[in-house]
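S.K.: Take a look and give me a structure for this.
(4 chains)
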Number of protein chains: 2
Amino acid sequence: MSTVLGYRQLAERLREAVLDGVHPLGAKLPSEHEIAEAYSVSRSTVRRAFALLTEEGVIASHQGARRTVLARPREQNFGELRSFSRWARLIGEVPSGRTISLERAMADDQEAEKLGLAVGDPVFRLTRVRLLSGRPVMIERTAYVERVGTLLATVDLDRESICDALELFGIFLEHAEHAIDAINADPADAALLETAAGTALLRERRRATDPSGSPLEWSDDRYLGDAMTFIVRNSVASAPLARSIRDR
Amino acid sequence: MSTVLGYRQLAERLREAVLDGVHPLGAKLPSEHEIAEAYSVSRSTVRRAFALLTEEGVIASHQGARRTVLARPREQNFGELRSFSRWARLIGEVPSGRTISLERAMADDQEAEKLGLAVGDPVFRLTRVRLLSGRPVMIERTAYVERVGTLLATVDLDRESICDALELFGIFLEHAEHAIDAINADPADAALLETAAGTALLRERRRATDPSGSPLEWSDDRYLGDAMTFIVRNSVASAPLARSIRDR
DNA sequence: CAGTGGTCTAGACCACTTG
DNA sequence: AAGTGGTCTAGACCACTGC
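M.R.: A predicted model of the protein is given here:
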């Protein structure tokens, strides 16, 4: 016998039901009451589970009408978004990295602002080229606060996932803000990515913080335009994506 | 006297409190119990309001510890994301458009797939250049299903917001999936945007559906790379953004 | 009009943080 | 050990959908 279900387990059951075709795309789902009955949980627990699926874009809901299936559930989580290595393994590619440089430096204006430091405070700058199955697809230029940077010396940057390594030291990247735009590859970018100068690159500038909101890293990642796409799903009810005028 | 607060109003009060500096960045917020008491609502209502702010990336929460302020609240909603006009007005720019073409056509492979039609079914294709204060910043190439497309004939495309107009007809774009990547401007793009061929463009391909999940439009929007940035915020708890290998 | 989802309450217990 | 957030229950009322 299964133990009593929590809302996460219930959500997982529902995801599986959708994947298994029990609830095809566009179908009406059972009512909250029916599901509560079927799984012997309260209506609140059912609603909590549905809230997860709504956030994931799997179902739509409207007052008075039964919920409908919008899309098939996906494997995706913050870990995969944060870590190139984890993401690559998920899609069945072999991730690797080539460290170009790692240096201790004094924070410039932008680093100071993004990391909540004073200009001149110590930071660690890491430049890496990331490869998928041997093909260079991304340049990562990251500035870490000193506390994190000093740990990097102990990590085999070309083999291990920095995220995984930092977690072993009790450092968790919990929140992130991503700014995404497009730029032409400059000669340095082009050389690292083995492409022509001027190639369109997708740039992701990311600021990640620990659970309390203290900045840990500030990164400028440039993806080969024809290798990467970002996917965002949203609804009237939740819009985690915003447009903004280019911040120069 | 104010009437009894709902969770949305409570969330708005809390947003204002953060904006007004009552709760500065990084500060600990009052406990759920204290807020419930202060506003004469139940603890559940407080939690519901906090859930909104968490989703917006404004606060962080951890079991056992008080919530902390992560960032200042932003004006952003789905309407601004969906509609170029609404977004432009929000940031204080004057939006305008120049319609290049509007034609009834038969769906090609991609349109059929994205709109859930059969190849050859009727679609309406609209091409527009969008301008901010007279400067071209985006090319919009959209395919609408017939039901929506036939309404477009009655809209002054260069002056009105299509979104606003469609809502008057009872058509609501409720869900959307956005795929974002970078490409070099081809000669046609360059001419429309008054820039050089090869300029990096930020491409957003978007599929929008009505509340029940039926596709209504499929669009390929190309933004001048140096004019636009997309912003995404997320946490371990919710990841609406996913990477994906370029779908060719 | 019955059914369904949206909101709210009051109370309980647990897991975790903090002093 | 006390405080705090996370989870769950049971029940109530309202707003909206769809027959």
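S.K.: export stretch A:111-127 as PDB, just CAs?
M.R.: Provided in PDB are the C-alpha atoms of stretch A:111-127 (Å, rounded to 0.1, in the frame of the first residue of the first chain):
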ATOM      1  CA  GLU A 111      30.900  43.500 -11.200                       C
ATOM      2  CA  ALA A 112      30.700  45.600  -8.000                       C
ATOM      3  CA  GLU A 113      27.100  46.600  -8.800                       C
ATOM      4  CA  LYS A 114      25.900  43.200  -9.700                       C
ATOM      5  CA  LEU A 115      27.600  41.400  -6.800                       C
ATOM      6  CA  GLY A 116      26.800  44.000  -4.200                       C
ATOM      7  CA  LEU A 117      30.500  44.800  -3.700                       C
ATOM      8  CA  ALA A 118      32.600  48.000  -3.700                       C
ATOM      9  CA  VAL A 119      34.700  48.800  -6.700                       C
ATOM     10  CA  GLY A 120      38.100  47.200  -6.100                       C
ATOM     11  CA  ASP A 121      36.900  44.400  -3.800                       C
ATOM     12  CA  PRO A 122      38.400  41.100  -4.700                       C
ATOM     13  CA  VAL A 123      36.500  38.900  -7.200                       C
ATOM     14  CA  PHE A 124      37.400  35.700  -9.200                       C
ATOM     15  CA  ARG A 125      37.000  35.800 -12.900                       C
ATOM     16  CA  LEU A 126      36.600  32.600 -14.800                       C
ATOM     17  CA  THR A 127      36.500  32.200 -18.600                       C
END
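S.K.: Mind listing what's buried along it?
M.R.: A:111, A:112, A:114, A:115, A:116, A:117, A:123, A:124, A:125, A:126, A:127 (16 or more other C-beta atoms under 10 Å in any protein chain shown). To be clear about C-beta, it is placed using only N, CA and C from the backbone, and glycine gets the same treatment.
S.K.: The fourth one and residue A:207, how far apart?
M.R.: Note on residue A:115: its distance to residue A:207, by C-beta to C-beta, to the nearest Å, is 8 Å.
S.K.: Any chance you could list residues touching both of these two?
M.R.: Counting by C-beta atoms under 8 Å, 6 or more residues apart in numbering or on different chains, the shared contacts of residue A:115 and residue A:207 are A:215, A:217, A:218.
S.K.: got a list of what the first one touches?
M.R.: I take that to be residue A:215. Going by C-beta under 8 Å, 6+ apart, residue A:215 touches A:114, A:115, A:116, A:145, A:207, A:208, A:209.
S.K.: Would you list the phi and psi of the closest residue to residue A:213 other than its chain neighbours?
M.R.: Nearest non-adjacent residue to residue A:213, counting by C-beta to C-beta, 6 or more residues apart in numbering or on different chains: residue B:70, 4.4 Å away. In terms of degrees, to the nearest 10, the main-chain angles of residue B:70 are phi -100, psi -40.
S.K.: quick one: contacts for residue B:70?
M.R.: A:175, A:209, A:213, B:25, B:57, B:58, B:59, B:60.
S.K.: Among these, name the buried ones.
M.R.: A:175, A:209, A:213, B:57, B:58, B:59, B:60.
S.K.: Just send those back as a markdown table, with secondary structure too.
M.R.: Below are those laid out as a markdown table (DSSP: H, G, I helix; E, B strand; the rest coil):
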| residue | secondary structure |
| --- | --- |
| A:175 | strand |
| A:209 | strand |
| A:213 | coil |
| B:57 | coil |
| B:58 | coil |
| B:59 | strand |
| B:60 | strand |
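S.K.: ok, of the residues you listed, which one's closest to residue A:152?
M.R.: Closest approach to residue A:152 among the buried ones among the contacts of residue B:70 (C-beta to C-beta): residue A:209, at 17.8 Å.
S.K.: Test my guess that the closest one contacts residue A:173.
M.R.: Yes: proximity of residue A:209 to residue A:173 meets the contact threshold set by C-beta atoms under 8 Å, at 7.4 Å.
S.K.: Number of residues surrounding the closest residue to residue A:190 other than its chain neighbours?
M.R.: With C-beta to C-beta, 6+ apart as the criterion, residue A:190 has its nearest non-adjacent residue at 4.2 Å, and that residue is residue A:197. Residues lying near residue A:197 (other C-beta atoms under 10 Å in any protein chain shown) number 12.
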